[in-house]
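Asks: build me a model from this:
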Amino acid sequence: MTQTIDYGNLMHRAMRGLIQEVLNGIAETNELPGEHHFFITFDTMHPDVEIADWLSDRYPGEMTVVIQHWFDDLDVTDEGFAITLNFGDNPERLYIPYDAIKTFVDPSVEFGLRFETQDDASDEEEPEEAPMDEMVEEDHPVEERKEAEIVSLDQFRK
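Replies: Below you'll find the predicted structure:
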């Protein structure tokens, strides 16, 4: 058995650390700077996700939350974050572990991260290769976007 460097997991950890650092900055001031706002899609079936029953019933596979105008009590830990968001004048507390996050997008600066799982990779032509995280560059706000442009790290290599 050959030993290899697990770049996929290393990238996952680094990108989740980036999300944690961004959220820590927001938690310190309890507000988003400028026009920044986040669309966070996560797996509602992840065992450590904590959301209201009516939300998990309504979104049985994945859910996208928006952190923009109103949020409260953002608590960031090494494993995930808790936040209170408003769902039609009904504040709900959510806990989202970083491992449950599928995408993190800040459309105000055309920045996004997508986390691929083994299940996502099984649909690809080359299933032997480990999935690799890729940065997604948004061309349009998430509501208008049909398909994201994937920026491969290979284009930056010399």
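Asks: what is the burial count for R13?
Replies: 12 (other CB atoms under 10 Å). For the C-beta atoms, the positions are set from N, CA and C on the backbone; glycine is no exception.
Asks: for G112, same thing?
Replies: For G112, the neighbour count with other CB under 10 Å is 22.
Asks: pLDDT value on it, please?
Replies: pLDDT, G112: 92.
Asks: which SSE is it in?
Replies: Assessed by DSSP states H and E, G112 sits inside strand 111-114.
Asks: alpha carbons only: can I get that strand in CSV?
Replies: Provided in CSV are the C-alpha atoms of strand 111-114 (Å, rounded to 0.1, in the frame of the first residue of the first chain):
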residue,chain,number,x,y,z
PHE,A,111,-16.6,34.4,-4.4
GLY,A,112,-17.7,30.9,-3.7
LEU,A,113,-16.5,27.5,-2.5
ARG,A,114,-18.0,24.2,-3.3
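Asks: which residue is the nearest non-sequential neighbour of F42?
Replies: Of all residues not flanking F42 in the chain, A100 sits nearest, at 4.4 Å (CB to CB, 6 or more residues apart in numbering).
Asks: check what pLDDT the one you found gets.
Replies: Reading off the model, A100 has pLDDT 95.
Asks: pretty sure it sits against V49.
Replies: Yes: A100 is within contact range of V49, at 5.2 Å (criterion: CB atoms under 8 Å).
Asks: identify the contacts common to these two.
Replies: Both A100 and V49 are contacted by F42, D43, under the criterion CB atoms under 8 Å, 6 or more residues apart in numbering.
Asks: ok, so what distance separates the closest residue in space to Q68 that isn't next to it in sequence from N9?
Replies: Using CB to CB, 6+ apart and skipping the chain neighbours, the partner closest in space to Q68 is H37 (3.7 Å). Noted for H37: a distance of 29 Å to N9, by CB to CB, to the nearest Å.
Asks: of these two, who's got more company?
Replies: Between H37 and N9, counting by other CB under 10 Å, H37 is the more crowded of the two (15 against 11).
Asks: where does this protein dip in pLDDT?
Replies: Counting by pLDDT under 70, the ranges of the chain that qualify are 1-2, 117-158.
Asks: helices of that one, start to end?
Replies: 7-29, 53-58, 118-121 (DSSP state H).
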